[in-house]
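Enquirer: this is a predicted model, with the sequence first.
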Amino acid sequence: MVCCITLLVLLGVPLLHNGYYENLFRGILMFAAMALGWNIIGGYTGYVSFGNVVFFGIGTYVSGVLSLHGIQNVWIAIPCAAVIAAVFAAILGVPILRLRGHYFGIATLGIALATQEIVANIEPLGGGTGITLQQAAWFSQYYYAMWLVCALSLLATWLIARSKLGYALVAIRENEDAASVLGINTTAYKVGAWAISATMPAAAGAVFAFSNGYIDPSVGFDVDYNVFPIVMVILGGMGTVAGPVVGAFLLTAINETLWNRYPQVHTLFFGVAIVLVVLFLPRGLLYVFGRSGGWRGFLKSLTAYRV
Amino acid sequence: MELILQTLVNGILAGGILAVVALGFSLVWGIMNIINLAHGAFVMLGAYLAYVLFSAYHIDPFASVPIAFVVMFAFGYLIQRFVINFVVRAPILTTFLLTFGLSLLIVNVALLVFHGDAKAVTTVYSGSNFSIGPIVVPWVKLWTLIVALGITAAMQLFLGRTREGRAIRAMALDIGAAQLSGVRVARLYAIVFGLGAGLAGAAGVLLSLSYPLNPSMGDPFIIKAFVVCVLGGLGSVEGALVGGIVYGIIEAFGSQFISTGLPDAIALVVLLFVLIVRPTGIMGKATA
């Protein structure tokens, strides 16, 4: 509820005619969409992907290629990026999602790095030098596009969490073998979850390519963009609808403040932030402020996993 | 033919360092079930330690190997005892992210201290080599391989013959039973993590002899170490050694005959191939 109102209020940001705020909030919406995407596979299904930036990268390159062919329209790029990323995820998902735990995590990280290398070696995609995109005169449309991507991602998550699909994913997370015995086609559900989770960062990437005006392999497949969304989901709360959005707001706000004041050491602070979040908020803020958690839950979660 | 032989030799020579990096990674993974994403940062610290000792105190890098091992052991011990230990039994995502955060922290501190420009350790014997027929072997790389084999043998003796080593192997088999027999898990976990960091540091020193140094030089080694562990079979010293050398050869041939720009793609292909064809690794035992 609070989330919906906040989202509606954010629709008004371009009316301020302030470039700084528009950029800032477009960034928050972008990370929120990426975090929501990760949350489907990592939070609900329990498969820790360390390579979801690959879908963001695919999204940026779909926009780039469309732009090279004279289609400079972000509204066409968004659905194209989502569909291509979903197909890519489904094809890769069949072998990759058979791996569990660490193996899945490293394999996805490998996919992200390998895709970046391969893209850098394909000359029609600009190779290492990248692609410059033609931006539209009405720049605020990219803000509205990002808002739409984020809103649709949030809506999709809300619908999934209440559907049979959502319950099946949680069952897979809690005990995959038991879920399989109960008649859930785990492979189909996992691949479906990964394909859905791929659409959100891809759509965000498609918009980002236009708003940024330039892409290359290190922008599209930025390693930081791999990890930011995961930390946001943890900070907000894994496997919750609103958690990723809350996390995206908080972390981007913190990051932005640090970037402004201490540009030299801001990545260092990000490392510290990750360590602190993991050590002190392993279940996320929504848990601490929720009914089942509270202070007692917070203190209990601090000592739950030590030897 | 000459090119193939030369590539093979290059691969074997490079494989020694990979084996030492992977051995530390494999210990931590096999015994504590932690994928240490800061392992590459530890390698980098070892290399910079050799650089500082060499440029400020004129200590030969080969003599820095034991120093780096001890310093990094202490560093790893403290990190495990006072940071990772709090979440060591948490789901894998927690330790994944925690070690990633530590890596980011260490690399950025190194960036502040040493700046981003590439540095090199150039000794008097750096450029010298000898040849057997048409094949050229740099002395530094040969000695690096010999030291790497020595470190591996020493680890094998430690794990096989000492009280701590036996306790560590017992923990890998059955942690509950080990605990009941009086193994102090928290202390031994710290020792294992220290050994992992120490081996990474030693490998970093060896690396500094042949490669330029920069704060993010260790990052590619995380994926490589993982692939070597999968290739050789997790949790065994021989596995890390064989996996390291086999991977060194694969990488040498890949960069010679396919492309130098695709190391991660090659690693991924090897990883997926091994996981599908022989999930227990070359040296691993087949499980029922």
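Expert: Perfect, thanks for sending it.
Enquirer: just confirm B:Arg89 is within a helix.
Expert: No - following the definition DSSP: H, G, I helix; E, B strand; the rest coil, B:Arg89 is coil and is not counted among the residues of a helix.
Enquirer: closest to the centroid, which residue in the chain?
Expert: You didn't pick a chain, so chain A it is. For chain A, the residue sitting closest to the mean C-alpha position, by C-alpha atoms, centre = their mean, is A:Met34 at 1.7 Å.
Enquirer: quick one, helices of the stretch 101-250 of chain B?
Expert: Counting by DSSP state H, counting those that start in this stretch, one finds helices in the stretch 101-250 of chain B at the ranges B:139-161, B:163-173, B:175-180, B:185-210, B:220-232, B:237-257.
Enquirer: no, scratch that, I was asking about the stretch 51-200 of chain A
Expert: Across the stretch 51-200 of chain A, reading from the start of the chain, the helices by DSSP H, counting those that start in this stretch fall at A:53-68, A:74-96, A:101-120, A:140-161, A:164-174, A:176-181, A:186-212.
Enquirer: how about JSON lines for those, with mean pLDDT, mean neighbour count and distance to chain B added?
Expert: Quick note: C-beta positions are derived from backbone N, CA and C, even for glycine. Supplementary listing: the helices of the stretch 51-200 of chain A in JSON lines, determined by pLDDT from 0 to 100; neighbours: other C-beta atoms under 10 Å in any protein chain shown; distance: least, C-beta to the nearest C-beta, whole Å:
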{"stretch": "helix A:53-68", "mean pLDDT": "93", "mean neighbour count": "27", "distance to chain B": "11"}
{"stretch": "helix A:74-96", "mean pLDDT": "92", "mean neighbour count": "20", "distance to chain B": "7"}
{"stretch": "helix A:101-120", "mean pLDDT": "86", "mean neighbour count": "22", "distance to chain B": "4"}
{"stretch": "helix A:140-161", "mean pLDDT": "93", "mean neighbour count": "21", "distance to chain B": "19"}
{"stretch": "helix A:164-174", "mean pLDDT": "91", "mean neighbour count": "18", "distance to chain B": "10"}
{"stretch": "helix A:176-181", "mean pLDDT": "90", "mean neighbour count": "14", "distance to chain B": "14"}
{"stretch": "helix A:186-212", "mean pLDDT": "94", "mean neighbour count": "26", "distance to chain B": "15"}
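Enquirer: thinking again about what came up before, my read: the residue nearest to the centre of chain A touches A:Phe228, true?
Expert: Yes - judged on C-beta atoms under 8 Å, A:Met34 makes contact with A:Phe228 at a distance of 7.4 Å.
Enquirer: thinking again about what came up before, any chance of the helices of the stretch 51-200 of chain A in CSV, plus distance to A:Glu22?
Expert: Supplementary listing: the helices of the stretch 51-200 of chain A in CSV, determined by distance: least, C-beta to C-beta, whole Å:
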stretch, distance to A:Glu22
helix A:53-68, 19
helix A:74-96, 15
helix A:101-120, 29
helix A:140-161, 5
helix A:164-174, 34
helix A:176-181, 43
helix A:186-212, 9
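Enquirer: so what's the nearest residue in space to B:Gly198 that is not next to it in sequence up against?
Expert: If the residues on either side of it in the chain are set aside, B:Gly198 comes closest to B:Phe73, at 3.7 Å by C-beta to C-beta, 6 or more residues apart in numbering or on different chains. Contact criterion C-beta atoms under 8 Å, 6 or more residues apart in numbering or on different chains gives B:194-195, B:197-198, B:201 as the residues in contact with B:Phe73.
Enquirer: and the residues you listed, which are buried?
Expert: Restricting those to buried positions leaves B:194-195, B:197-198, B:201, with burial counted as 16 or more other C-beta atoms under 10 Å in any protein chain shown.
Enquirer: and of these, the nearest to A:Thr129?
Expert: A:Thr129 lies nearest to B:Gly201 out of the buried ones among the contacts of B:Phe73, by C-beta to C-beta, at 37.5 Å.
Enquirer: any chance of the helices of the stretch 101-250 of chain B in CSV with mean pLDDT as columns?
Expert: Listed next are these as CSV, based on pLDDT from 0 to 100:
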stretch, mean pLDDT
helix B:139-161, 92
helix B:163-173, 89
helix B:175-180, 87
helix B:185-210, 94
helix B:220-232, 88
helix B:237-257, 90
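Enquirer: could these go into JSON lines alongside distance to A:Gly42?
Expert: As requested, those are arranged in JSON lines below (distance: least, C-beta to C-beta, whole Å):
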{"stretch": "helix B:139-161", "distance to A:Gly42": "35"}
{"stretch": "helix B:163-173", "distance to A:Gly42": "28"}
{"stretch": "helix B:175-180", "distance to A:Gly42": "27"}
{"stretch": "helix B:185-210", "distance to A:Gly42": "26"}
{"stretch": "helix B:220-232", "distance to A:Gly42": "19"}
{"stretch": "helix B:237-257", "distance to A:Gly42": "29"}
